[in-house]
Every structure is written in C-alpha cells, then in structure tokens.
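*Asks:* Fold the following.
(2 chains)
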Amino acid sequence: MCSARVAQWILSQVLPLDRAASAVGDWLEDAPQRGRPWFWACVVRTLIARTWAGLAGRPLTMTGWRLTGFALNMLIPLGTFALVMLLIVPGPGRGIDIRYRDDWVYIWVLTNTQKDPSLPPDFELSWPLALVSQLVWAARLFQTGRWIARRAPGREVAGRVAIAVAGWTAILAAGAWQLVFRPSVFAFYAPSGIDHDMILFAGALWVRRQHQQRTTG
Amino acid sequence: MPAPPILGEFEHIVLLAILRLGDAAYGVAIRNEIRETTGREPAPGALYTTIDRLEDKGLLTSTFGDPTPQRGGRAKRYVKVSAQGLRAVNHARQCYLRLWDGLPFAGVSHV
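*Replies:* Here you go, the predicted model:
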C-alpha cells in the first residue's frame, strides 16, 4: 500500500524505523473499518506528539538551537552578500542609500531577496551572478539544517521545528514593526520564510537518513 | 534499592492495560483494552509516545514479532512490563490505597 509506505517514511523522521513500521502496521489493522482519514489522523497526531516530545524534553537545548540556527541564517548571508556587493558590483552598488544602511529590516530584506529597492531602477544583477547568489543561499541553508541536525541526533525534526518557530516569530515581528512604524515599499519584500524552512528541513532530513542508514547497517 | 519512579495517570493506565493483556500486549490490543476498561480511547500520539517513554525509563521491554500480510508485512511490537515497571505499578497502587483510605464516599469500595 503506497500510502502506508509514505506514512512509514513520515513517521521514521521522528521514530526509529522499526517502531515507525510497527505503528503503521497497527493502524493498518483497523484502517479497513475506520477509514483512510482516521489512518492519516493517527499519523499526523503521532508526528506532532513525537515532535513536541522532542522539543519539550530538552527545552533549554532546543532554545539554544533556535538561537544558533537563527544567528547562522542571519550572519552568513550578511557576510556573503556584503562580500559580493563590495567586490563585484561596481559604482552604483556601492552607493547604497545611507538612510537604510543601519536599518535592520533593510538588511533582512537585502539578504533574503537579493534585491535592493534603493538602487537605480535599471540596476539588475546579471543572471549568472543572480544564479550563483541563489545557489549559495540555498547551499548555506542546507548546510545550516545539516549542522543543527547533527547536533540533535534522534531529534532532527524537533530541532528543525525549533528553528522554524524562531524564524517565523522574527518574520512576524518584523512585519508587525514595519506595518506600525515603517509602512513603506519594504513591506512588499517581506520574505515568506517557507522557502527557507523547506531547504533547512531538507538538510535535517538528509542527516536523519544518514543516521538511519548507519544504525540499520 | 532506589525508589520507584512516580507514574503519571496515563502511564499508570498503560502499564495496567499491558499487565492485563500479558504476552499479547501490542499497540492495537493496548488501545482496545484501555477503551473497554476506561471508556476512553487514547489518542494514538499519546499512546505510542507513552510506550516509548516507559521503555526509555526501563519500565517496559519490547520485542518484535513476525510480520503479517494484514499489516502490510510489518511486525507487531510486543511490550511487557519489566521488574522495575512492576515495582512502579505496585508503588502507585499502594499510594492510591493510602490516599483513598478513610475517605467518606458512600458506595465506594476501598479494596
């Protein structure tokens, strides 16, 4: 049953492989009587319960991962993008409007959208540079996800959820701040965060898969 | 000998259900036993999380049976209460009996 294999894969991200298989097997016994929605409700509720147990079991550690992951995702793009802008972009790129230079929101927008609305409208990054910029952005997110997951063996998903919570909290806080104190064109560039989370999650899943391969031999 | 761990309410229920089932205690049977005896169906997430937590505490042991076609070729995970788990359940029972002792509830058996 294809959906049972998918359910087993999902649960194996928060449970050892054999326990995930056993739990899915238990639900398959009752699924003919109770139906597919009941089966998937069991999968989702167990996933949430196990992820929460991973977060709540070590709250201080998870807080540390939240802050570490958040800091990595802020500092690395700041450094790499600043380097690109200073070394590669000629004159107009250096003349970033001084009014925004100390604006935290501006820095956040710049590092996540790679587009500076204060630059002349005819200024665009060349497509190779834009492509490299996007690949570097995706690679560092993937590596951040792997780095955090390696330090939380058995709790890779919980650690990743902790970072997502921190990121979304910051995004919503920044958006609220923008709306109240700086309603401007920057609000249009507020990053969604979903693309960040998916790549970070992929890094965590990669580490989880490697861990499972090592333990099952 | 160290004091037995304090059991939560649901942990207590799960351990008692496993004891009642004997060698046939696995996820589906435990869930059905709890539903029939307490009138309450445990949430799947709560049940499996509790079983894992009890095993991590050393109150349960688990083994895997043979896979069956009914389960899509997946094995059952049978659980048994360990000696430490028995001590914890007994300790909880003694605590409850002492708490109930002398309470003036009409029609309640304190056996």
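*Asks:* Let's check: the centremost residue of chain B is which one?
*Replies:* Centroid check for chain B by Cα atoms, centre = their mean gives B:Leu15 as the closest residue, at 1.7 Å.
*Asks:* For chain B, which residues are neighbours of chain A?
*Replies:* Contact residues (Cβ under 8 Å from any Cβ of the partner chain) of chain B with chain A: B:26-28, B:31, B:43-46, B:48-49, B:52-53, B:64, B:67-68, B:70-72, B:74-77. C-beta coordinates here come from the backbone N, C-alpha and C atoms, glycine included.
*Asks:* Would you mind checking those for buried ones?
*Replies:* B:26-27, B:31, B:43-45, B:48-49, B:52-53, B:71-72, B:74-77 (16 or more other Cβ atoms under 10 Å in any protein chain shown).
*Asks:* List the buried residues for the helix of greatest length in chain B?
*Replies:* Secondary structure assigned by DSSP state H gives helix B:83-100 as the longest helix of chain B. Buried residues in helix B:83-100, counted by 16+ other Cβ under 10 Å: B:84-85, B:87-89, B:92.
*Asks:* For chain A, name the helix or strand with the lowest mean pLDDT.
*Replies:* In chain A, the helix or strand scored least confidently by mean pLDDT, DSSP states H and E is helix A:91-94, which has a mean of 46.
*Asks:* Give me the spatial nearest neighbour of B:Leu59, chain neighbours excluded.
*Replies:* Once flanking residues are discounted, B:Leu59 sits nearest to B:Gly85: 3.5 Å by Cβ to Cβ, 6 or more residues apart in numbering or on different chains.
*Asks:* no, scratch that, I was asking about B:Gln84
*Replies:* Per Cβ to Cβ, 6+ apart, closest to B:Gln84 is B:Gly58, 5.1 Å.
*Asks:* And A:Glu156, by the same measure?
*Replies:* Closest to A:Glu156 by Cβ to Cβ, 6+ apart is A:Ala149, at 4.0 Å.
*Asks:* Hmm, A:Ala158 and that neighbour touching each other?
*Replies:* No. The pair A:Ala149 / A:Ala158 is not scored as a contact, 10.0 Å apart, by Cβ atoms under 8 Å.
*Asks:* now the strands for the chain?
*Replies:* With no chain named, the answer covers chain A. For chain A, no strands are identified by DSSP state E.
*Asks:* wait, I meant chain B there
*Replies:* Per DSSP E, chain B carries strands over the ranges B:60-68, B:74-81.
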